[in-house]
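Novice: mind looking at a prediction? Sequence and model below.
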Amino acid sequence: MDIEILLSLQQFRNGAGGFLTDFLNKMTFLGELNTAIVLMAIIYWCVSKEIGSYLLMGWSGNRLVNGVLKVTVCAYRPWIRDPRIVPYGNSMTTATGYSFPSGHTMNAATTFGGFTVRRDMPTALRVVTGLMVLLVGFSRPFLGVHTPQDVLVGAAAGMLVMWLVWRMMQWLEAHPEKDRLVVLIGLLLAAAVAVYAAVKPYPEDYNAEGKLIVDGAKMANDTFKGVGWCAAFLVGWILERRYVGFSTDISVPEKLTRAAVGVLSYYAVSLIVVPAVKGWIPGPAGTMCSCFLQMFYVSFLFPWCMKYLYRAKRANTGTA
């Protein structure tokens, strides 16, 4: 039935003209990994450290959940299951790993749904962000890269994780000394996910020519990325929390400058340092190490640099 739904959407997409397809193709971009990381990083660095920490913590949890489900279910992508499915444009290039659940939808459930699940947020904001999750989710089967159940489970799991993380952050406000326990449990879970993805068997189905249809080890790469990102955020978060303590209580020009410098430097790390580390360290270890550096820059190194520069500026101007 899921394939029939995708074929119906494909037929509608091919006959509906470019406007709706272009719009949903833009919406799916909002669920891509780098888009999600940059949006959350800007909030963390420049808008609200509390909200940014919450979003990044929830995203770290969602990446682990997504990774575990992907390598457990091992669902093939729709076009592998049925050659009649032809994804739109270059949608396949960002559709990595196994199909179930949708990573884009879980990313959207973090960056947008994270606001929706919080009752302390304005109602209008919660409605708009909830709509964004629906649009990003719907874009995935509409473009032919996910089945409806991939999206539904991704959205439900992502929103549930965000709600749990919100409650945990509220608990931490009352018990700030428990942050080490949170980090310890998170790191143990990340390590367990890495071991599970490394040792579990994967399906080995072959086509008529005797070629392996899907390489399970390659599909598990997304899971190892999630482990690296999660571990890096947790380590960076507690180090910043205990030893840096940067603030987003700065002027608007300073916020804009910080955002511009942060985004540019993030892409420098992602496009230069990350590929270099992957080249130096092969296999899953290289994937985890490179993603660790990427997120550690977001959660600790850039905030530390901003705090150091702010102190230097105050010392030079002679302000207290």
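Specialist: Ah, there it is. Numbering: from 1, shown residues only.
Novice: contacts and neighbour counts: CA atoms only from here.
Specialist: Will do.
Novice: residues near Leu125, how many?
Specialist: By the criterion of other C-alpha atoms under 10 Å, Leu125 has 13 neighbours.
Novice: hmm, who's touching the one helix or strand it maps to?
Specialist: Using DSSP states H and E, Leu125 falls within helix 123-142. Under the criterion C-alpha atoms under 8 Å, 6 or more residues apart in numbering, residues 6, 9-10, 13, 24-25, 27-28, 30-31, 102, 104-105, 108-109, 112-113, 115-118, 146-148, 151-152, 155 lie in contact with helix 123-142.
Novice: any weak-confidence spans in the stretch 1-150 of the chain?
Specialist: Scanning the stretch 1-150 of the chain for pLDDT under 70 picks out 17.
Novice: where does Tyr88 land in three-state SS?
Specialist: coil (DSSP: H, G, I helix; E, B strand; the rest coil).
Novice: and Trp229, backbone torsions?
Specialist: phi -60, psi -50 (degrees, to the nearest 10).
Novice: same question, Ala276
Specialist: Backbone torsions of Ala276, given as degrees, to the nearest 10, read phi -60, psi -40.
Novice: can you count the residues close to it?
Specialist: 14.
Novice: mind checking how far it is from Thr35?
Specialist: Noted for Ala276: a distance of 22 Å to Thr35, by C-alpha to C-alpha, to the nearest Å.
Novice: okay, the angle between the longest helix seen in the chain and helix 123-142?
Specialist: Secondary structure of the chain per DSSP state H: the longest helix is helix 148-174. Angle of helix 148-174 versus helix 123-142, following axes from the mean of the first three to the mean of the last three C-alpha atoms, to 10 degrees, is 150 degrees.
Novice: can you point out the buried residues in helix 148-174?
Specialist: Using 16 or more other C-alpha atoms under 10 Å as the test for burial, helix 148-174 gives 148, 150-155, 157-163, 165-166, 169.
Novice: one more: stretch 295-313?
Specialist: Under 16+ other C-alpha under 10 Å, the buried positions of stretch 295-313 are 295-304, 306-307.
Novice: swap in stretch 213-229?
Specialist: Buried residues in stretch 213-229 (16+ other C-alpha under 10 Å): 214, 216-217, 219-229.
Novice: got the residues you listed as TSV, with pLDDT columns?
Specialist: Listed next are the buried residues of stretch 213-229 as TSV, based on pLDDT from 0 to 100:
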residue	pLDDT
Val214	83
Gly216	82
Ala217	82
Met219	86
Ala220	89
Asn221	89
Asp222	90
Thr223	94
Phe224	95
Lys225	95
Gly226	95
Val227	96
Gly228	96
Trp229	96
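Novice: of the residues you listed, which pair is most distant in space?
Specialist: The most widely separated members of the buried residues of stretch 213-229, counting by C-alpha to C-alpha, are Val214 and Trp229 (24.8 Å).
Novice: hmm, back to that, which of the contacts of helix 123-142 fall in helices?
Specialist: Among the contacts of helix 123-142, DSSP H puts 6, 9-10, 13, 24-25, 27-28, 104-105, 108-109, 113, 115-116, 148, 151-152, 155 in helices.
Novice: write the PyMOL selection for whichever of those residues are buried.
Specialist: Selecting only the buried entries of those in PyMOL, with 16+ other C-alpha under 10 Å as the criterion:
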select buried, resi 6+9+10+13+24+25+27+28+104+105+108+109+113+115+116+148+151+152+155
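Novice: check the spacing between Val252 and Val182 real quick.
Specialist: In terms of C-alpha to C-alpha, Val252 sits 33 Å off from Val182.
Novice: and Pro282, by the same measure?
Specialist: On the measure of C-alpha to C-alpha, Pro282 and Val182 end up 30 Å apart.
Novice: how about Arg119?
Specialist: 23 Å.
Novice: those two: which has the busier surroundings?
Specialist: Val182 (15 against 9).
Novice: show me the shaky parts of the stretch 201-320 of the chain.
Specialist: For the stretch 201-320 of the chain, the ranges with pLDDT under 70 are 311-320.
Novice: hey, where'd the helices end up in it?
Specialist: 216-219, 221-239, 252-268, 274-280, 283-296, 302-317 (DSSP state H, counting those that start in this stretch).
Novice: reformat the ones you listed as CSV; add distance to Tyr76.
Specialist: Shown next, in CSV, are the helices of the stretch 201-320 of the chain (distance: least, C-alpha to C-alpha, whole Å):
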stretch, distance to Tyr76
helix 216-219, 10
helix 221-239, 14
helix 252-268, 31
helix 274-280, 26
helix 283-296, 21
helix 302-317, 38
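Novice: and of those helices, who's closest to Leu189?
Specialist: Using C-alpha to C-alpha, these put helix 221-239 closest to Leu189, at 8.9 Å.
Novice: can you pull the contacts of the closest residue in space to Tyr202 that isn't next to it in sequence?
Specialist: Leaving aside its sequence neighbours, Tyr202 sits nearest to Gly216 (C-alpha to C-alpha, 6 or more residues apart in numbering; 5.2 Å). Applying C-alpha under 8 Å, 6+ apart, we find Gly216 in contact with 202-204.
Novice: perfect, that will be all.
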